[in-house]
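**Q** Take this sequence and fold it.
(one chain, ligands or ions: 1)
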Amino acid sequence: MTEDGPPLNVAYLGPEASFSHQAAIEVFTPPPPPPPSSFQSPSCYSSQSTTAPPSRPVTLHPLPSFSAIFAAIQDANSNHGSAQSKEQGQPQISYDYAVVPIENSTNGSVVQVLDLLAQCGLDSGTTRSDSDSDSAAAVPVLYPDLEVCAEYYLPVHHCLFVAPSRLSVDATNDKNKNNDSNDSNKSNSTTTTNKAMQDPKTAIRILYTHPQVWGQCGRFLGTHFPPNVVERIDMGSTSAAAQLVAREATSTKVNGESGLSAAIASQLAGQKHNLVCLAENIEDEPGSNTTRFFVMRNRQRGQDQQSLFEGDSHFASGQSSHSQTEPLEKKKKTRYYKSLITFTIDHTRPGSLADALAVFKQYSYNLTSIDTRPSRKRNWQYVFFVECEEAFDAVGDRRDDDKEKKLRSMLQDLRKFTESLRYLGRFEDQLRSGVAHVQP
Ligand SMILES: O=C(O)C(=O)C[C@]1(C(=O)O)C=C[C@@H](O)C=C1
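**A** Numbers count the residues shown, from 1 in each chain. A predicted model of the protein is given here:
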């Protein structure tokens with residue numbers, strides 16, 4: 001604890017050095033002061049804690065899965081930590097925020113996170129106590145208190161890594177094989193060994209990474225690692241893949257055969273596990289591959305969190321803390337906001353989706369994205385995720401309570417055309433406000 005209050009606890013998909021970790025660091029860590037003369041950049045991975053924004057220190061916590069993260073934030077309001085951590089006798093952490101990936105510019109939605117978002121929030125117009133009487137079409141509410149409070153754009157670059165010791169082990173194995181083999185095999189094996197030593201990529205037989213990444217690196221993988229030769233194994237995160245490859249360094253065989261296993265992960269994950277980088281920037285769109293993250297929190301949680309319409313001091317309303325924008329300049333800038341809403345509709349009634357979307361138009365809310373996932377309640381029924389921009393008021397500072405009234409009345413009208421409706425949060429539009437790394 002400091003005199004500024006207890007540390008903020010922030011959850012992300014671990015282990016350390018995942019892209020989610022990088023996003024969490026950038027959202028919750030203030031930019032370093034400008035270098036006086038000889039500047040040394042601080043190591044992100046020296047400890048779990050990061051330097052805090054002036055008001056509160058921040059502790060970042062790696063969790064094993066997206067569902068563990070959602071459960072941890074939902075549990076935050078109990079003030080006693082998660083039921084699971086209690087059972088396992090682990091320290092009981094009360095989480096303030098979580099940082100989760102939602103979509104990638106190349107590969108699209110992170111569907112596991114969308115499916116969890118479909119289980120967040122209360123039906124608009126219902127109270128917590130009657131949330132059990134959820135509409136037949138709605139996805140069950142597992143995380144009623146979760147909301148989205150910020151977004152963040154992180155440029156994502158992937159590297160191909162192997163363990164350094166594996167390189168020498170495989171070279172030695174191949175050499176031994178050559179010595180043992182008869183003359184006709186010998187020339188063949190020698191060619192393979194030479195090739196593997198010249199280009200170790202050719203010796204790779206297993207690739208590990210997070211499932212999102214296969215689609216982000218499709219071209220590189222298609223060229224070098226045909227699926228009939230190289231097995232692709234999904235991992236919980238890219239950093240878990242790097243960790244596994246580093247651990248496998250002690251084994252001499254991959255699936256009983258001599259061959260390398262490799263991970264696709266971030267430069268930082270490779271550094272953390274002392275891996276050898278065989279190729280960098282292997283994503284299909286190296287100049288623009290970007291993942292958008294949501295910052296989530298528990299809307300019931302204490303007085304330390306402010307109302308939806310006041311922004312959030314802990315991360316300056318989601319402003320990229322690494323933006324080089326001058327603070328004074330930033331103050332003068334117009335801030336744009338988006339809302340995230342999920343709903344289901346009566347699929348049997350012609351025009352029901354068009355009617356629902358017309359409400360956004362009527363209130364001048366511009367739709368910026370629409371996504372769908374199976375409702376898991378009835379086959380071929382979908383839950384819609386709609387993000388919309390608040391109408392920009394040219395007069396300038398329209399009061400927050402006016403904006404809130406307008407939003408409430410829009411939601412009321414939308415209810416008439418939907419079977420279930422949940423409001424999942426309001427947050428600053430990083431692209432329109434001009435604070436994201438990547439411009440539209
Ligand atoms: O595996 C990681 O490093 C993550 O943080 C997850 C994740 C994702 O799910 O999209 C985050 C960013 C990249 O797009 C790849 C993977």
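**Q** So which residues on the chain come close to the ligand?
**A** Contact residues (CB under 6 Å from any ligand atom) of the chain with the ligand: 13, 18-20, 101, 104, 110, 156, 210, 212-213, 237-239, 291. For every residue, glycine as well, the C-beta is placed using N, CA and C.
**Q** closest to residue 277 among those?
**A** Using CB to CB, residue 238 is the member of the residues of the chain next to the ligand that lies nearest residue 277, at 13.5 Å.
**Q** My understanding was that the closest one contacts residue 265; is that so?
**A** Yes - at 3.9 Å, residue 238 counts as touching residue 265 under the criterion of CB atoms under 8 Å.
**Q** who touches both of these two?
**A** 158, 209 (CB atoms under 8 Å, 6 or more residues apart in numbering).
**Q** what bridges to residue 101?
**A** residue 293 (DSSP bridges).
**Q** For it, give me its contacts.
**A** 13, 19, 20, 23, 110, 113, 212, 291, 292, 293.
**Q** Over to residue 359?
**A** 410, 413, 414, 417.
**Q** how about the helix or strand hosting the second one: buried residues?
**A** What that stands for is residue 413. Per DSSP states H and E, residue 413 falls inside helix 400-415. For helix 400-415, a neighbour-count test (16 or more other CB atoms under 10 Å) marks 403, 406, 407, 410, 411, 414, 415 as buried.
**Q** In strands, which of the residues of the chain next to the ligand appear?
**A** 13, 101, 104, 291 (DSSP state E).
**Q** where's the closest residue in space to residue 229 that isn't next to it in sequence relative to residue 278, distance?
**A** Nearest non-adjacent residue to residue 229, counting by CB to CB, 6 or more residues apart in numbering: residue 205, 7.4 Å away. Residue 205 is 14 Å from residue 278, where distance means CB to CB, to the nearest Å.
**Q** likewise residue 58?
**A** 35 Å.
**Q** more crowded one of the two?
**A** Using other CB atoms under 10 Å, the more surrounded residue of residue 58 and residue 278 is residue 58, with 23 against 18.
**Q** thought the more buried one was touching residue 11?
**A** No - taking CB under 8 Å as the definition, residue 58 is not a contact partner of residue 11, at 11.7 Å.
**Q** Could you report the neighbour count for residue 7?
**A** For residue 7, using other CB under 10 Å, the count is 17.
**Q** cool, residue 373 as well?
**A** Under the neighbour criterion other CB under 10 Å, residue 373 is assigned a count of 17.
**Q** Now do the phi/psi pair for it.
**A** Dihedral angles of residue 373 (phi, psi; degrees, to the nearest 10) stand at phi -140, psi 150.
**Q** in the stretch 51-200 of the chain, which spans are strands?
**A** Remark: strands assigned in the stretch 51-200 of the chain by DSSP state E, counting those that start in this stretch are 58-63, 97-104, 108-109, 146-155, 159-162.
**Q** what's the average pLDDT for the shortest one?
**A** In this case it means strand 108-109. Mean pLDDT, computed over strand 108-109, is 97.
**Q** From the contact counts, what lies against that strand?
**A** In terms of contacts (3 or more CB pairs under 8 Å, 6 or more residues apart in numbering; DSSP states H and E), strand 108-109 is packed against no helix or strand at all.
**Q** If we use 10 Å, what do you get?
**A** strand 97-104, helix 211-216, strand 366-374 (3 or more CB pairs under 10 Å, 6 or more residues apart in numbering; DSSP states H and E).
**Q** who touches both of residue 58 and residue 11?
**A** 24, 96, 97 (CB atoms under 10 Å, 6 or more residues apart in numbering).
**Q** ranges for the helices of the stretch 1-150 of the chain?
**A** 19-28, 66-75, 83-87, 111-117 (DSSP state H, counting those that start in this stretch).
**Q** weakest of those helices by average pLDDT?
**A** helix 83-87 (a mean of 53).
**Q** Compute the number of surrounding residues for residue 350.
**A** 9.
**Q** where does it land in three-state SS?
**A** With DSSP: H, G, I helix; E, B strand; the rest coil as the basis, residue 350 sits in coil.
**Q** Run through the residues that contact it.
**A** Contacts of residue 350 (CB under 10 Å, 6+ apart): none.
**Q** Now for the closest residue in space to residue 219 that isn't next to it in sequence, which secondary structure element holds it?
**A** Take residue 219 and drop its neighbours on the chain: the residue closest to it by CB to CB, 6+ apart is residue 284, 4.9 Å away. Using DSSP H and E, residue 284 falls within no helix or strand.
**Q** ok, now residue 220?
**A** With DSSP H and E as the test, residue 220 turns up in helix 218-224.
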